[in-house]
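Student: Starting from these lines, generate the structure:
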Amino acid sequence: MSLLLEACIEFNEKRKICVAYENGKTYTLNNNSNVSVRKVKIDKCLAQNVNEKRCDFLFDTDELQRVFFVELKGGDLNKAVNQIYSTILYLKSEFRGFRIDARIVGSRDVPEFKNTPDYKRLAKEVYATKGTIERGINKVYSETI
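Tutor: Sure thing, here's the model as predicted:
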């Protein structure tokens, strides 16, 4: 049984442009591969404990065996890292064999961010799947698959 609830799925289809938008921040996935992409609302939709926070969205494609965990965040990048990490651990069984990518879209950069213990813990999970961690610091991030 899937941990991703049907009510949380916003779409699951071939779209050229897949967008997540929240509080003035935007993540765009340009689907030049013309594969089916599923967008799932995570935060406040999936099960979570009282003090547990999840990332905002995920995009995945079975055809490319790839999943993008997306957090649209103001300035607290450490909090964003922890939200993505928590979500990856919760959904890890859903995405066995997938490349896991983490995306943080924020409003500013934080020097030495990659040296924090939380970032290194997330990196260990992501890099083990040959995935990447990327940040957009001007409230926008766009990439192509």
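Student: Report the rounded mean pLDDT for whichever strand or helix holds K79.
Tutor: Using DSSP states H and E, K79 sits within helix 77-91. Throughout helix 77-91, pLDDT has a mean value of 93.
Student: Just the residues contacting the helix or strand just after it, thanks.
Tutor: As assigned by DSSP H and E, the chain's next helix or strand after helix 77-91 is strand 99-105. With contact meaning Cβ atoms under 8 Å, 6 or more residues apart in numbering, strand 99-105 is reached by 25-27, 64-73, 77, 80-81, 84, 88, 122, 125-126, 129-136, 139-141, 143. For every residue, glycine as well, the C-beta is placed using N, CA and C.
Student: Centre of the chain to the helix holding K79, how far?
Tutor: In terms of Cα atoms, centre = their mean, to the nearest Å, the centre of helix 77-91 is found 9 Å from the chain centre.
Student: orientation of that helix relative to strand 99-105 in degrees?
Tutor: With axes from the mean of the first three to the mean of the last three Cα atoms, to 10 degrees defining the directions, helix 77-91 sits at 150 degrees from strand 99-105.
Student: Now do helix 77-91: which elements does it pack against?
Tutor: Where contact means 3 or more Cβ pairs under 8 Å, 6 or more residues apart in numbering; DSSP states H and E, helix 77-91 is packed against strand 66-72, strand 99-105, helix 117-127.
Student: Make JSON lines out of the ones you listed and add mean pLDDT and mean neighbour count.
Tutor: Below are the helices and strands packed on helix 77-91 laid out as JSON lines (pLDDT from 0 to 100; neighbours: other Cβ atoms under 10 Å):
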{"stretch": "strand 66-72", "mean pLDDT": "97", "mean neighbour count": "26"}
{"stretch": "strand 99-105", "mean pLDDT": "97", "mean neighbour count": "24"}
{"stretch": "helix 117-127", "mean pLDDT": "96", "mean neighbour count": "15"}
